[in-house]
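S.K.: I would like the atomic coordinates for the input below:
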Amino acid sequence: MAETLDRPVLVTGATGYIGGLLVPKLLEKGWQVRVFTRDAAKLRDRPWAEMVEIVEGDAGDAADLGRALAGVGVAYYLLHSMDGQGDFVERDRAISRTFADAARTAGVGRIIYLSGLHPSGELSTHLASRVEVGRTLLASGVPTIVLQAGVVMGAGSASFDMLRHLTERLPAMVAPKWLRNRIQPVAIDDVLHYLVASASAPGQVNRTFDIGGPEVLTYAEMIKRYARVAGLGGRAVATVPVLTPRLASYWVGLVTPVPAGIARPLVGSLVHEAVVKENDLLALVGKPPAGRTDFDEAVRRAIQDIDPTRWRRTFAQVGLATLACAGLGSVLTDPRTAWYRGLRKPAWQPPATAFPVVWMTLFVSMALAATAAITELEESGKQSDADAIKVAYLANLTINTAWSGLFFRAHRLGAATATAAALAMSAAELARRTAPSGVGKAVVFGAYAGWSSFATALTEAVRRRNPGGGWSPDRWL
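M.R.: The predicted structure follows:
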C-alpha cells in the first residue's frame with residue numbers, strides 16, 4: 001500500500017468499545033490519529049484525547065464526513081446503530097452509503113471495517129446488516145479490508161459481557177438448542193492487532209478476511225470454560241428446541257445488564273455457526289506477536305480487573321436477608337387463629353392460597369433484582385448508589401416483617417394499614433433507585449409496590465369492617 005504515516009488515519013466510533021481501544025494502539029505505532037464523533041465532550045476523559053485531532057459531526061451528513069476524511073490515508077469504519085432505537089438496519093445502510101461516497105470523493109487510500117463472522121445463506125437481521133455494510137464499502141471504489149469476527153473476548157465487548165453475566169449469575173440454565181452451534185471466538189488483543197496491521201497491509205486489497213482464535217467451541221462450552229477459568233465451579237446447560245431468539249433475548253435482558261435492544265440482535269446471531277473459513281489475513285499481516293490467543297487466556301485477560309464472584313457473594317447476602325424476612329414473616333403470620341377467622345373481610349379479598357404464592361414470587365424476584373442492581377452499580381464504580389439500595393432494601397424487609405407482627409400478633413389494624421402504606425412507598429423508592437441499572441429491575445419493584453398498595457387497601461378495608469380490632473380471645477398470647 002502506498003499510504004505512509006504522513007497521512008492521518010481516521011477512527012470513527014471512537015467512543016465505542018473497539019474504537020476506544022484502537023486509538024491508543026495506532027498512536028503507539030506512530031500513526032497520526034483523527035477521530036470523528038458526534039459529541040467531543042464524550043472523549044474528554046480519554047487519556048489519549050490530547051494526542052489526537054477531534055472532528056465533531058454527524059456520520060449521516062456528507063459535509064461533516066467530508067471534513068473528517070479530508071487528507072486521510074486510512075479510514076476505520078466502526079459505526080453501528082445497534083442501540084435498540086428504531087430501525088438500525090436502515091440507519092446503517094444510509095450511513096455506510098454516505099461514508100463510502102465521502103471516502104471516495106476525499107481520495108481515501110483504504111477503508112477498514114470490522115464486521116461479523118457468518119455462514120453462507122439466510123442470516124439474522126443483525127448479521128445481514130453487517131454483511132450489507134461490508135458490501136457497500138467494498139463497492140465504494142476505495143480499497144477496503146473487511147475483517148469478520150465472531151464473539152470478541154474482552155471486558156466491555158457486548159458479546160463477552162453477555163457470556164460472562166449469564167455464566168456468573170446462572171449456575172444452571174435452560175437454553176435454546178442453538179447454544180450447541182459452533183463458534184470461533186477471538187481475543188480483543190488479537191482483533192486490535194489485525195486492525196492496526198491492516199492499515200499498512202501491502203497492495204490494493206479489496207476483500208473480506210475471517211479472523212478468529214485457535215479454538216472452535218459451542219456457546220455452551222464457552223459458558224463452562226468461562227466458569228472454570230473464573231473459579232465459579234461447574235455450570236449445567238440444558239437445551240430445548242422451543243426458546244425463540246426473541247424470547248431468549250428478553251430472558252437475557254432480564255438476567256444480564258445487556259440492554260434488550262442490544263441483546264436481541266446478539267442472541268439472534270447465535271442461531272448461526274460462526275467459524276473461520278480461511279486464514280488469509282495471517283499471510284498478509286502476520287499473526288499476533290505472541291500467536292493467536294486461546295480461549296482460557298482471553299478470559300483471564302478479560303477478567304483481570306473484574307471480580308467474577310461479586311454476583312455470587314452479593315446474592316448470598318441479599319438472599320440471606322430476604323430469607324430471614326420471609327421466615328420471620330411466616331412465623332408471625334397465622335391465618336388459622338380464631339381472631340383472624342372472626343374478622344369481617346371484603347368480598348374482593350383473594351383466597352388464602354394466593355398470598356403465599358404471590359409473596360414467594362415477589363421475594364425471589366426482589367432478591368434477584370436487588371442483587372443485580374447492587375452488583376452492576378458496584379462494577380460501574382457507583383458504590384454510594386449501591387449502598388443506598390442495600391439500606392433501602394433492608395428497610396423494606398424490616399417494614400415487611402413489622403406488618404406481619406402488627407396485623408397477626410398485635411392485632412393493630414390501624415398501625416398495620418400505615419405500615420402497609422409505608423411498604424408500598426418503600427417499594428416505589430426501590431423501583432426509582434434501581435431504574436438506572438435496568439428497566440427490568442424497576443419493573444420488579446414496581447410490581448411489589450403495586451401489590452403492597454393492594455395490601456394497604458385490603459388492610460384498611462378490614463380495619464373499617466372491624467372498628468374494635470376484632471374479637472380476640474388470644475390477643476395477648
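S.K.: got the CA coordinates for stretch 235-244 in CSV?
M.R.: Output in CSV follows, covering the C-alpha atoms of stretch 235-244 (Å, rounded to 0.1, in the frame of the first residue of the first chain):
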residue,chain,number,x,y,z
ARG,A,235,-22.3,-24.9,35.1
ALA,A,236,-25.2,-27.0,33.9
VAL,A,237,-26.7,-26.1,30.5
ALA,A,238,-29.7,-27.9,29.2
THR,A,239,-31.0,-27.1,25.7
VAL,A,240,-34.6,-27.0,24.5
PRO,A,241,-36.0,-26.5,20.9
VAL,A,242,-38.8,-24.1,21.8
LEU,A,243,-37.0,-20.9,23.0
THR,A,244,-37.0,-18.5,20.1
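S.K.: point out where the chain drops to low pLDDT.
M.R.: 1-5, 81-86, 242-251, 253-254, 259-261, 263-265, 268, 470-477 (pLDDT under 70).
S.K.: got the domain ranges for it?
M.R.: The chain breaks down by automatic domain parsing into domains covering 9-302, 310-465.
S.K.: start and end of the shortest one, how far apart?
M.R.: Terminal residues of domain 310-465 lie 49 Å apart, using CA to CA, to the nearest Å.
S.K.: how far does it sit from the chain's center?
M.R.: Put simply, domain 310-465 sits 27 Å off its chain's centre (CA atoms, centre = their mean, to the nearest Å).
S.K.: equivalent analysis for the longest one, please.
M.R.: Centroid displacement of domain 9-302 relative to its chain, using CA atoms, centre = their mean, is 15 Å.
S.K.: tell me the contacts of the most centrally placed residue in the chain?
M.R.: For the chain, the residue nearest the mean C-alpha position is Val258 (1.3 Å; CA atoms, centre = their mean). By CB atoms under 8 Å, 6 or more residues apart in numbering, the contact set of Val258 is Ala158, Asp161, Met162, His165, Val252, Leu266. The way it works is simple: take the backbone N, C-alpha and C, and place the C-beta from them, glycine included.
S.K.: which of the residues you listed sit farthest apart?
M.R.: His165 and Leu266 (12.1 Å; CB to CB).
S.K.: strands along the stretch 301-450 of the chain, start to end?
M.R.: In the stretch 301-450 of the chain, no strands are found when defined by DSSP state E, counting those that start in this stretch.
S.K.: mind listing the helices for it?
M.R.: 310-332, 338-342, 354-379, 383-404, 413-434, 439-465 (DSSP state H, counting those that start in this stretch).
S.K.: kindly report the same for the stretch 151-300 of the chain.
M.R.: 158-169, 188-198, 219-229, 245-255, 260-269, 280-285, 295-302.
S.K.: which one of these lies nearest to Gly469?
M.R.: helix 245-255 (42.6 Å).
S.K.: re earlier: and the helices of the stretch 301-450 of the chain as CSV, adding distance to Val55 and mean neighbour count?
M.R.: Putting these into CSV (distance: least, CB to CB, whole Å; neighbours: other CB atoms under 10 Å) gives the following:
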stretch, distance to Val55, mean neighbour count
helix 310-332, 39, 16
helix 338-342, 72, 14
helix 354-379, 33, 19
helix 383-404, 35, 18
helix 413-434, 38, 21
helix 439-465, 34, 19
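S.K.: would you turn the ones you listed into CSV with distance to Ser124?
M.R.: CSV is the format used below for those (distance: least, CB to CB, whole Å):
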stretch, distance to Ser124
helix 310-332, 29
helix 338-342, 56
helix 354-379, 27
helix 383-404, 35
helix 413-434, 31
helix 439-465, 23
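S.K.: nearest to Ile183, of those helices?
M.R.: helix 310-332 (23.6 Å).
S.K.: quick one: the closest one to helix 158-169, angle?
M.R.: 40 degrees (axes from the mean of the first three to the mean of the last three CA atoms, to 10 degrees).
S.K.: ok, residues contacting helix 310-332?
M.R.: 165, 168-169, 232, 359-360, 363, 366-368, 370-372, 374-375, 378-379, 393-394, 397-398, 400-401, 404-405, 408-409.
S.K.: ok, Leu137 to Asp87 distance?
M.R.: Distance of Leu137 to Asp87, computed by CB to CB, to the nearest Å: 20 Å.
S.K.: still on that earlier bit, closest to Thr456 out of the helices of the stretch 151-300 of the chain?
M.R.: Nearest to Thr456, of these and by CB to CB, is helix 245-255 at 27.6 Å.
S.K.: what is the neighbour count of Tyr76?
M.R.: Tyr76 sits with 29 neighbouring residues when counted by other CB atoms under 10 Å.
S.K.: host element of it?
M.R.: strand 74-77 (DSSP states H and E).
S.K.: surely Trp31 and Ala199 touch.
M.R.: Yes - using CB atoms under 8 Å, Trp31 is in contact with Ala199, at 7.0 Å.
S.K.: overlap of the contact sets of these two?
M.R.: What both Trp31 and Ala199 touch, as defined by CB under 8 Å, 6+ apart, is the set Val9.
S.K.: give me the distance between Met153 and Ala370.
M.R.: Per CB to CB, Met153 is found 30 Å from Ala370.
S.K.: tell me the contacts of the spatially closest residue to Leu281 that is not a sequence neighbour?
M.R.: Spatially, and ignoring its direct neighbours in sequence, Leu281 is nearest to Phe209 (3.9 Å; CB to CB, 6 or more residues apart in numbering). Counting by CB under 8 Å, 6+ apart, Phe209 touches Ile145, Val146, Leu147, Gln148, Tyr194, Glu278, Asp280, Leu281, Leu284.
S.K.: one more time with 7 Å
M.R.: Contacts for Phe209 were tallied using CB atoms under 7 Å, 6 or more residues apart in numbering; they are Ile145, Leu147, Gln148, Asp280, Leu281.
S.K.: right, and the last one touches Arg207 too?
M.R.: Translated: Leu281. No - judged on CB atoms under 7 Å, Leu281 makes no contact with Arg207 at a distance of 9.8 Å.
S.K.: who's more crowded, the two?
M.R.: Leu281 (23 against 13).
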